[in-house]
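> Sequence first, then the predicted structure:
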Amino acid sequence: MTRAAGVLLIVLLSAMSAHAQDAPSSETQIDLSYDATDVRIRPSPGGGTVHHSLHIVLSGNRVSETNNSRATSGKTQDVLHNSQLGEEVVHTNSSATWHVLGAKSLARTRVLPQSVETIKVNVLPDKQCTLSVTNRLKPGYKEYAMNSINVGGMAYYSSWQASNELCAIR
């Protein structure tokens, strides 16, 4: 485990046990959620929102992510992966890596064909945290390309915006 990862885990465990009567667990659980609103330009042009709920478990240098995505159409997609902090997990048309940014922040970077999505968690005192989600186009691209729950494959979007970002440490 890197020094920064160790410091983050200590900060997270301290935040979790600040008001607990029992000894701190060696595991940290973080619940994240946000809505992604987009405008699909092809195929089947249209707009929509997808609600993402992520459950993150940190244990030592290991990270487990359960991601449930639900579109306004009612279609869902569940993804589960386990890795080490800093290890790239490859998916169809993307890859994702959880990494420590500093003593009080953690991020997942997901590299998509035409953009980079970043989920950043900042740890605050008293078992509190904040979530920030961005998706930035790579140089030279004017549209976002990613798998669509509604289309069932690759789709292209003129805009993408995160909102209703929530974070909780258990």
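Received the coordinates, thanks. Numbers count the residues shown, from 1 in each chain.

> low-confidence ranges in this structure?
1-25 (pLDDT under 70).

> Spatially nearest residue to the residue most central in space within the chain (excluding sequence neighbours)?
The residue lying closest to the centre of the chain (C-alpha atoms, centre = their mean) is residue 119, at 4.5 Å. Spatially, and ignoring its direct neighbours in sequence, residue 119 is nearest to residue 108 (4.4 Å; C-beta to C-beta, 6 or more residues apart in numbering). Where you see a C-beta, it was placed from the backbone N, CA and C, and this is true even at glycine.

> Next one: the one you found relative to residue 37, how far apart?
According to C-beta to C-beta, to the nearest Å, residue 108 and residue 37 sit 20 Å apart.

> Show me which of these two is the more surrounded one.
Using other C-beta atoms under 10 Å, the more surrounded residue of residue 108 and residue 37 is residue 108, with 21 against 16.

> list the contacts for the more buried one?
65, 96-99, 118-119 (C-beta atoms under 8 Å, 6 or more residues apart in numbering).

> tell me which element it falls in.
strand 105-111 (DSSP states H and E).

> tell me how far the helix or strand following that strand is from the chain's mean position?
Per DSSP H and E, the first helix or strand lying C-terminal to strand 105-111 is strand 115-124. Mean-position distance between strand 115-124 and its chain equals 7 Å (C-alpha atoms, centre = their mean, to the nearest Å).

> now strand 115-124 against strand 105-111, angle please.
Counting by axes from the mean of the first three to the mean of the last three C-alpha atoms, to 10 degrees, strand 115-124 points 170 degrees away from the direction of strand 105-111.

> which helices and strands sit right next to strand 115-124?
helix 3-17, strand 27-42, strand 105-111, strand 128-137, strand 144-148, strand 153-169 (3 or more C-beta pairs under 8 Å, 6 or more residues apart in numbering; DSSP states H and E).

> of all those, which lies closest to residue 76?
strand 144-148 (12.8 Å; C-beta to C-beta).

> CA atoms only: put the closest one into PDB for me.
Extracted in PDB, the C-alpha atoms of strand 144-148 (Å, rounded to 0.1, in the frame of the first residue of the first chain):
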ATOM      1  CA  TYR A 144     -19.300  12.200 -25.900                       C
ATOM      2  CA  ALA A 145     -19.200   8.500 -26.900                       C
ATOM      3  CA  MET A 146     -20.200   5.800 -24.300                       C
ATOM      4  CA  ASN A 147     -22.300   2.700 -23.900                       C
ATOM      5  CA  SER A 148     -26.000   3.500 -23.600                       C
END
